[in-house]
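Trainee: Okay, here's the prediction I keep looking at, along with the sequence it came from:
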Amino acid sequence: MAGIYIHIPFCKQACFYCDFHFSTSLKKKDELMACLVKELEIRSVELANQTIETIYFGGGTPSLLTIEELQLLLETVHKFYAVSEHPEITLEANPDDLTKDRIIEFSKSPINRLSIGIQSFFDDDLKSMNRAHNAEESKLCLEYASKYFDNITIDLIYGVPEMSLEKWNKNLDMALRFGVNHISSYALTVEPKTALDAFIKKGIYPPLDEDLALQHFNALVKKTERYGLVHYEISNFGKPHYFSKHNTSYWQGKSYLGIGPSAHSFFGDTRSWNVANNNKYIQAIQGGILPRTAEKLSKQDQFNEYLMTGLRTIWGVSFNKIETNFGLDFLEHLKIVSEKFIKQELLILVHEQEPHPASILKTTTKGKFLVDGIASELFMI
Ligand SMILES: C[S@@+](CC[C@H](N)C(=O)[O-])C[C@H]1O[C@@H](n2cnc3c(N)ncnc32)[C@H](O)[C@@H]1O
Ligand SMILES: C[S@@+](CC[C@H](N)C(=O)[O-])C[C@H]1O[C@@H](n2cnc3c(N)ncnc32)[C@H](O)[C@@H]1O
Ligand code: SF4
């Protein structure tokens, strides 16, 4: 079982906070498309014995591609890979691209999951983020999308300095009243060298407020629970049967192939990432070279990564798995360093009977907002 991620490195304009890889010029789109097809072909040997269960078009803005371009990528995947009978196929889409006609067009294609970058239902927030869409487009596209797609997830940003708790609650109510069955919600983060970073340094934009972000997070956890969404990963909330299969496979350490500039791949103990530059990517692929850097993870790295991803999910960290995969030394280390957090009720040790007797370390509700810091204190260094 494996997944394929395809990175579409184009956006209409740069959101002030974003440091993902994209270009705002579409000049090289055709060349880049040909290279994505070629990379899919070259790298098919890497997944020769695996069934592809999930395909994810991420970005950048994949909804800038035409349906024909998306179909060509899907046909290429089918031509060179063994794809399961009912793969999860996600398209990340921005509201300004999701007109009624385009939604209908997408719904007739094999794409069966839409991930819509709503971020907020208020124009002032969208303007302050430099998003290309407005609040009206957010609402309209959700209205249409929910008629043609059953599996819809939306992205919302919380912890925006000037967003009152009341306004954040309105955003959540709006999303949940549309009946979305999945939400990914991220705290606004100031990434180095973004416009947001410069604005805060110049005093044009207020600095982030941790307390406000915590209030937003608590409201998010409470409200999604009331609407029947399960908090299955720190930033992800979904109704049962609507959890993201693709992202879950990342968190569960399954293999995935990342195609396109800046895309990451993971196989067993090796992760690799493609160059985050469209011209360099095109040049290399045209010359038959894979423009990537690879890193073999040590046992310690793999243990630390399992702690970080495991504690962020409802599946937690299994003591049996630690003993089997890493050995008794690692288990003893974890038992000792986790004690303090268990006493503080930030972590909890759950003894499960089904399907097998097992001890699982999980994050409590109180610990969730602090999970990254807690996990890093448990690392083997
Ligand atoms: C990289 S975008 C790709 C999909 C699409 N272009 C969009 O904007 O929705 C995926 C998600 O990452 C979020 N994101 C990117 N940078 C972020 C930041 N600094 N803080 C919080 N969320 C961020 C975006 O808002 C978006 O929901
Ligand atoms: C910030 S989250 C967005 C959440 C998403 N909308 C969802 O369905 O849960 C993931 C982002 O990371 C990026 N991403 C995901 N998988 C990747 C991979 N294998 N390599 C590089 N970037 C990846 C994409 O830009 C994607 O928008
Ligand atoms: S948040 Fe999405 S639309 Fe905005 S710049 Fe980043 S990738 Fe592009």
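Mentor: Structure received. Numbering: from 1, shown residues only. Ligands and ions are numbered 1, 2, ... in the order given.

Trainee: Name the residues of whatever helix or strand F303 lives in that are buried.
Mentor: For F303, the element it lies in under DSSP states H and E is helix 299-312. Judged by neighbour count using 16 or more other Cβ atoms under 10 Å, the buried positions of helix 299-312 are 302-312. In short, each C-beta sits where N, CA and C put it, glycine included.

Trainee: Same check on stretch 48-56?
Mentor: 50, 52-56.

Trainee: what's the answer for stretch 345-354, then?
Mentor: Going through stretch 345-354 with 16+ other Cβ under 10 Å, the ones that come out buried are 346-348.

Trainee: quick check, nearest of those to ligand 1?
Mentor: L346 (23.7 Å; Cβ to the nearest ligand atom).

Trainee: before we move on, back to that, any chance of the buried residues of stretch 345-354 in a markdown table with secondary structure as columns?
Mentor: As requested, the buried residues of stretch 345-354 are exported to a markdown table (DSSP: H, G, I helix; E, B strand; the rest coil):
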| residue | secondary structure |
| --- | --- |
| L346 | coil |
| L347 | strand |
| I348 | strand |
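
Trainee: Take these and lay them out in a markdown table including distance to ligand 2 and pLDDT.
Mentor: Listed next are these as a markdown table, based on distance: Cβ to the nearest ligand atom, whole Å; pLDDT from 0 to 100:
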| residue | distance to ligand 2 | pLDDT |
| --- | --- | --- |
| L346 | 25 | 98 |
| L347 | 25 | 98 |
| I348 | 26 | 97 |
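
Trainee: which other helices and strands contact the longest strand anywhere in the chain?
Mentor: Ranked by number of residues, the top strand in the chain under DSSP state E is strand 82-93. Strand 82-93 makes packing contacts with strand 51-59, helix 67-80, strand 113-119, helix 245-251 when contacts are defined by 3 or more Cβ pairs under 8 Å, 6 or more residues apart in numbering; DSSP states H and E.

Trainee: So what pairs up with the closest residue to A263 other than its chain neighbours in the strands?
Mentor: Nearest residue to A263 in three dimensions, chain neighbours excluded: H7, at 4.2 Å (Cβ to Cβ, 6 or more residues apart in numbering). With DSSP bridges applied, the residues forming beta bridges to H7 are G58.

Trainee: what separates the residue of the stretch 251-381 of the chain at minimum distance from ligand 1 from N181, distance-wise?
Mentor: Among residues of the stretch 251-381 of the chain, the one nearest ligand 1 by Cβ to the nearest ligand atom turns out to be S262. It sits 10.4 Å away. In this structure, S262 and N181 are 29 Å apart, going by Cβ to Cβ, to the nearest Å.

Trainee: From L331, how far off is the spatially most central residue of the chain?
Mentor: For the chain, N247 is the residue whose C-alpha lies nearest the centre (Cα atoms, centre = their mean; 6.2 Å). In this structure, N247 and L331 are separated by 27 Å, where distance is defined by Cβ to Cβ.

Trainee: circling back: kindly present the buried residues of stretch 345-354 as JSON lines, with separate columns for distance to L40.
Mentor: Converted to JSON lines, these look like this (distance: Cβ to Cβ, whole Å):
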{"residue": "L346", "distance to L40": "43"}
{"residue": "L347", "distance to L40": "42"}
{"residue": "I348", "distance to L40": "43"}
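
Trainee: which secondary structure element contains Y186?
Mentor: Y186 is part of strand 182-187 when elements are defined by DSSP H and E.

Trainee: Show me what from this protein comes close to ligand 1.
Mentor: Listed as neighbours of ligand 1 in the chain under the rule Cβ under 6 Å from any ligand atom: 17-18, 20, 59, 61, 92, 94, 117, 119, 155, 157, 186, 188-189, 191.

Trainee: Which PyMOL command selects the buried ones in those?
Mentor: Here is the PyMOL selection string for the buried members of these, based on 16+ other Cβ under 10 Å:
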select buried, resi 17+18+59+61+92+94+117+119+155+157+188
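
Trainee: Filtering the residues of the chain next to ligand 1 by proximity to ligand 2, which remain?
Mentor: When those are filtered against ligand 2 using Cβ under 6 Å from any ligand atom, the residues retained are 20, 59, 92, 155.

Trainee: in stretch 30-39, what's buried?
Mentor: Judged by neighbour count using 16+ other Cβ under 10 Å, the buried positions of stretch 30-39 are 32-33, 35-39.

Trainee: For the residue nearest to A263, list the residues it contacts.
Mentor: Taking Cβ atoms under 8 Å, 6 or more residues apart in numbering as the definition of contact, the neighbours of H7 are 21, 58-60, 258-263, 274.

Trainee: Let's have the helices and strands packed on strand 82-93 in TSV, adding distance to Q353 and mean pLDDT.
Mentor: Converted to TSV, the helices and strands packed on strand 82-93 look like this (distance: least, Cβ to Cβ, whole Å; pLDDT from 0 to 100):
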stretch	distance to Q353	mean pLDDT
strand 51-59	29	98
helix 67-80	41	98
strand 113-119	34	98
helix 245-251	23	97
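
Trainee: Would you mind finding the most buried of those?
Mentor: Each of the helices and strands packed on strand 82-93 was assessed for mean neighbour count using mean count of other Cβ atoms under 10 Å. The highest is strand 113-119, with a mean of 25.

Trainee: Show me what that strand packs onto, helices and strands only.
Mentor: Counting by 3+ Cβ pairs under 8 Å, 6+ apart, strand 113-119 packs on strand 82-93, helix 123-129, helix 135-148, strand 152-158.

Trainee: Can you spell out which helices and strands pack onto the second one?
Mentor: To tie it back to what came earlier, the one meant is helix 123-129. Using 3+ Cβ pairs under 8 Å, 6+ apart as the contact definition, the elements that helix 123-129 packs against are strand 113-119, helix 135-148.

Trainee: Same check on the last one?
Mentor: The elements that strand 152-158 packs onto, with contact taken as 3+ Cβ pairs under 8 Å, 6+ apart, are strand 113-119, helix 135-148, helix 165-177, strand 182-187, helix 210-226.
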